[in-house]
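Asks: I need the structure of the sequence given here:
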Amino acid sequence: MKKFIAAALSIGLGTAAAFAQNQTSTEYNKKEFFAGYSENSILDPLRSENFDSREIKAYRGWNVSFTYNFKRFIGVKADMSGYYKNFSFDNFSPPAPVNVKSSIYNFLGGVQIKDNKRSKRFSPFIHALGGISKTDLKIRSSICEMNSCDEKNTGFALALGGGVDLKVRKKFSVRLIQIDYNPAFYNGFRENRFRAGFGIVFH
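Replies: Numbering: from 1, shown residues only. This next block holds a predicted model:
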């Protein structure tokens, strides 16, 4: 009888432990997809012999990311963003109008730390991402008729920062704010950039 009771208790405890483990594994969001608006500000743009790049400062665009949370507090993240700016200036003697179409793209990946418990209403997070940044400057001017003034750069980039999500429904949240230090390294030069945005997070 004692052996039977011990066996029953063992089975019962084992079942309870398995149930608890299953509950723990499903109490947090395993995946999240973010899509939103973003701005990228450049503090010290790359210098160019073709034009005065100090005119390039604030870009507007988009940011999307996908995160897989393999633990409640830790996930791996893939992030992509694109930013655009058109501007004109005169920087030559005699004056020659210069029209520039500029874009920045980031392709990043890394780690996100966040409490992904489904019952939480406010969820602050931080992340550390690294990858590739590409810039493309398409310059149109009379001085560029003989020689190409276009400029492209590809280099290593980081995104170090975080933000806050507000749960609205079971399946989605609003990202109230996300702010990152987003430096890029081109040909030995560091371009200091900061990006900020907001959007929707789907779970």
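
Asks: Would you mind pulling up the elements that the helix or strand harbouring N86 packs against?
Replies: Using DSSP states H and E, N86 sits in strand 74-90. Under the contact criterion of 3 or more C-beta pairs under 8 Å, 6 or more residues apart in numbering; DSSP states H and E, strand 74-90 touches strand 31-42, strand 58-69, strand 97-114, strand 122-140. Just so you know, the C-beta spots here come from the backbone N, C-alpha and C atoms, and that holds for glycine as well.

Asks: As TSV, those strands with distance to D180 and mean neighbour count would be great.
Replies: Formatted as TSV, those follow (distance: least, C-beta to C-beta, whole Å; neighbours: other C-beta atoms under 10 Å):
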stretch	distance to D180	mean neighbour count
strand 31-42	9	18
strand 58-69	9	18
strand 97-114	10	19
strand 122-140	8	17
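
Asks: Can you check which of those strands gets nearest to V164?
Replies: Minimum separation from V164 across the helices and strands packed on strand 74-90 (C-beta to C-beta) falls at strand 122-140, 5.0 Å.

Asks: now that closest one against strand 97-114, angle please.
Replies: Strand 122-140 runs at 160 degrees relative to strand 97-114, counting by axes from the mean of the first three to the mean of the last three C-alpha atoms, to 10 degrees.
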